[in-house]
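Asker: Everything below, folded, please.
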Amino acid sequence: MDPAVFYPITCSACDCKNQINGQLQLISSLRARIDVLETDSHTKNQNINKLRQEINDLKNSIQSIYDNIDEPSFAPRITPSESQAPVKSTVPEHALTPEELAIKRINFMVEEYFSILDVQGVILDLKDIRVEYHAKAIELFANKVIEQNQRDLDNVIELFKDIVYTETCDTDAFKDGFSRTLDFLMDICIDKPMACSFTGQLLFSAGLDYRDITSLLKPLDDDKLIEKIIRGYANALKNDVVNLTIIFMH
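Answerer: Residues are numbered from 1 along each chain as shown. Predicted coordinates:
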């Protein structure tokens, strides 16, 4: 691995964001190289494995940068003069808790997915964090995408279907995550009219049954809101049936 591809950790959160974006671009470039190599029958497997290792090294480098954003190295160094009182430090007095670290990692996971659309990468990351935080991952993916567009939604639908298929997250994780997303939906549905339909489509992608859907929607006191969510669920079901029909016909 060429050490030049790693950017040095600097002392500002803004620089860290630039470093992370640069590393994500490198990952995307490396994945493109892998795609080319995998189509070349004369390429040895060791070359592909070497590139995959480079990607893992880059992801570890990004995670290291991301984990240190709130660490003491990013705080300004202030040396008080003899005539002024010591300035109270703004650096956290304690290390991040396991929950804070998990949420930070999940936030990074979400941003990375929307940058490079690596479904398997997300699944591996989810398997590497404690099950109790899976619902938070579902919530953050859902909260982000219901404010976006249909293309982004389709990408998350594909991700959720793979998570269900591989049994990476259980039904309870989806239900808990979606219950929080519905609270978020109540706050944004007026400004984001498509958010209700998008939420319904996400509910379908998670494979929740009628009882689960009913339980999730029961606390909502807005019939029109519920109707829009159900309509989105129904449209997703219809599209899925159409796609299956096309596949069987061919």
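Asker: quick one, what contacts Phe160?
Answerer: Taking C-beta atoms under 8 Å, 6 or more residues apart in numbering as the contact definition, Phe160 lies against 138, 141, 174, 202, 205-206. (Glycine included, C-beta is placed from N, CA and C.)
Asker: do that again at 7 Å, thanks
Answerer: The contact partners of Phe160, taken as C-beta atoms under 7 Å, 6 or more residues apart in numbering, are 202, 205-206.
Asker: does it sit in a helix or strand, and which one?
Answerer: helix 150-165 (DSSP states H and E).
Asker: So for that helix, what gets flagged as buried?
Answerer: Neighbour-count burial for helix 150-165, with 16 or more other C-beta atoms under 10 Å as criterion, is recorded at 152-153, 155-157, 159-161, 163-164.
Asker: Greatest separation within those: which pair is it?
Answerer: With C-beta to C-beta as the measure, no two of the buried residues of helix 150-165 lie farther apart than Asp152 and Val164, at 19.0 Å.
Asker: domain assignment for the protein?
Answerer: 1-77, 99-250 (automatic domain parsing).
Asker: Lowest average confidence across the ones you listed, which one?
Answerer: Within the domains of the chain, confidence is poorest for domain 1-77, with a mean of 57 (mean pLDDT).
Asker: In three-state terms, how would Ile190 be classified?
Answerer: Local secondary structure at Ile190 is given as coil here, using DSSP: H, G, I helix; E, B strand; the rest coil.
Asker: count of neighbours near it?
Answerer: Ile190: 8 surrounding residues under other C-beta atoms under 10 Å.
Asker: Now do the helices in this structure.
Answerer: Using DSSP state H, the helices of the chain run over 13-39, 45-67, 98-116, 119-128, 134-145, 150-165, 171-188, 195-205, 210-217, 223-249.
Asker: if we can go back for a sec, closest one of the buried residues of helix 150-165 to Glu132?
Answerer: Taking C-beta to C-beta as the measure, Ile163 is the one of these closest to Glu132, at 16.1 Å.
Asker: Pull the contacting residues for Lys161.
Answerer: By C-beta under 7 Å, 6+ apart, the contact set of Lys161 is Ser205.
Asker: Check the gap between it and Asp154 for me.
Answerer: According to C-beta to C-beta, to the nearest Å, Lys161 stands 11 Å off from Asp154.
Asker: So which of the contacts of Phe160 is surrounded by the most neighbours?
Answerer: Leu202 (27 neighbours).
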